[in-house]
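Any chance you could fold what I've pasted below:
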Amino acid sequence: MKNTIITFKQAKQERKKLSTLTAYDYSTAKLIDEAGVNSILVGDSLGNVMLGYKDTLSVTMEDMIHHGKAVARGVTNALTIIDMPFMSYQISVYDAVSNAGRLIKETGINAVKLEGGIDMCPQIKAIVGASIPVMGHLGLTPQSIHALGGFKVQGKDEATAKRILEDAKAVEAAGAFALVLECVPAPLAELITNALTIPTIGIGAGAACDGQVLVYQDMLGMFSDFTPKFVRQFASVGEVMKTAVQAFCKEIQDGTFPAKEHEYTIAEEIIAKLY
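Sure, this is the predicted structure:
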């Protein structure tokens, strides 16, 4: 069954939890989709886990489009969402709609995601008005990392908690179909989840959210630069990969790979005529 923004709304109403994972290439997206995840996010986290940047600020529209196209080709059932990169929507409503349209048109992805609350509501409203579904993102917003003073939990004091709650309500009113809550205290995320009619997708925001999202390299133990507190590794794929590569190198050195079954044959008389 194809996941859509309508099925996301129904899941909220029926209290069914939603699963989201990132993907950045065709093969991974195809595997994740076949495993039954509800949505796949082409996150600007590709800056960290695919391109080796220290943050997401250097990611470009071209980066997102390149990876978004690949993911869209591999997905059949999951709702696909793509991040709008830094400075592709903050400058003006016109830029926001234009760049959102470009992401959808050039990639085949189903929806866009952008960070920010009340200040970004004009952009959200305009993008939705252009018939492009929008997912919001509050709490720790990586594109605002310098303004936030680093990768820190957000909403721990009364003022910031109140602001996030107000932002969440405003993002819903502007037309977002769902909202990511990143690195906020679990009780605050629960309060917000109960206050909204759209689903919340948590990442470091506790179990009360309507769904959860993780970066797939984190979830599979493939990214070791740093591991956030909220990550659970469901498999040690990184170690399996390293072990396999070591075996590959060893078999090449000792001559056991490739073996006869990996070779193609040719008639001996043909080879004889080449001498």
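
tally of neighbours for Met229?
Just to correct that, residue 229 is Lys rather than Met. 7 (other Cβ atoms under 10 Å). Backbone N, C-alpha and C define where each C-beta goes, glycine included.

distance of the residue lying closest to it once chain neighbours are set aside from Tyr275?
Distances taken as Cβ to Cβ, 6 or more residues apart in numbering place Gly204 nearest to Lys229, at 6.8 Å, with adjacent residues excluded. From Gly204 across to Tyr275, the span is 68 Å (Cβ to Cβ, to the nearest Å).

Compare these two (neighbour count), which wins?
Set Gly204 next to Tyr275 and count neighbours by other Cβ under 10 Å: Gly204 wins out with 22 against 4.

So the more buried one versus Gly43, what's the distance?
From Gly204 across to Gly43, the span is 14 Å (Cβ to Cβ).

Gly206 now?
From Gly206 over to Gly43 the distance is 20 Å, taken as Cβ to Cβ.

who has more neighbours, these two?
Gly43 (28 against 17).

Which neighbouring residues are in contact with the more buried one, exactly?
Counting by Cβ atoms under 8 Å, 6 or more residues apart in numbering, Gly43 touches Thr22, Tyr24, Asp83, Lys113, Val215.

Quick one: neighbours of Leu46, just the number.
When neighbours are counted by other Cβ under 10 Å, Leu46 registers 24.

Can you give me the neighbour number for Ile65?
Ile65, neighbours per other Cβ under 10 Å, totals 19.

Does it touch Thr107 like I think?
Yes - Ile65 sits in contact with Thr107 when judged by Cβ atoms under 8 Å, with a separation of 5.7 Å.

what helices or strands is the stretch of helix or strand Val180 belongs to leaning on?
According to DSSP states H and E, Val180 maps onto strand 178-182. Under the contact criterion of 3 or more Cβ pairs under 8 Å, 6 or more residues apart in numbering; DSSP states H and E, strand 178-182 touches strand 134-139, helix 158-174, helix 186-195, strand 200-203.
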